[in-house]
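Undergrad: What would the 3D arrangement of this be:
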Amino acid sequence: MSRLLLAGWALAAVLVAGWLAVVEVFWLPLRVGGVPVPVSVLAAVVGNVLLVRAALRVSGSRLVAAVPALVWLVVVVAAMGRRPEGDLVITIGTGGYTVVTTAFLLLGVLAAAFSVGTAMGGGPRPVSSPRAPTGSGSGGA
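TA: Coordinates of the predicted model:
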């Protein structure tokens with residue numbers, strides 16, 4: 001695959017992963033009738049798994065496959081920091097919001113790490129049966 005095409009897939013992975021991460025962060029405080037709705041948690045897990053797999057499939061590059069997970073992490077960490085105006089996007093509040101935010105951070109990172117590990121070839125391997133010894137066993141030639 002040409003370097004230009006690979007760079008294009010990497011750019012596409014950055015844009016899609018960045019957009020999805022921003023949307024997930026802003027879905028964190030979503031409530032229906034005062035009850036927190038963990039849409040962002042589901043989106044983080046599914047998005048991190050599917051984007052890494054899709055990036056690997058379309059680009060064929062393990063490096064490009066890791067890009068969506070890294071972008072997600074950068075966006076989320078940036079959202080946890082205080083802006084110059086004093087605003088915080090991701091806060092650990094009280095009640096259900098704390099549970100949703102913690103689940104979002106924990107499960108999102110775990111899904112990203114699992115997906116990247118699988119893409120890098122660290123996925124589950126089939127168990128092979130032990131090999132029978134070859135030769136006569138006498139030690140001679």
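
Undergrad: Point out where the chain drops to low pLDDT.
TA: Within the chain, the segments meeting pLDDT under 70 span 1, 93-96, 122-137, 139-141.

Undergrad: how about the strands in it?
TA: With DSSP state E, the ranges of strands along the chain come out as 31-32, 35-36.

Undergrad: quick one: which of these is nearest residue 73?
TA: Residue 73 lies closest, by C-beta to C-beta, to one member of those: strand 35-36, at 22.9 Å. For glycine as for every other residue, the C-beta is placed from the backbone atoms N, C-alpha and C.

Undergrad: Which elements pack onto the closest one?
TA: Taking 3 or more C-beta pairs under 8 Å, 6 or more residues apart in numbering; DSSP states H and E as contact, the helices and strands that strand 35-36 lies on are helix 96-117.

Undergrad: Could you check how far the helix it packs on is from the centre of its chain?
TA: 9 Å (C-alpha atoms, centre = their mean, to the nearest Å).
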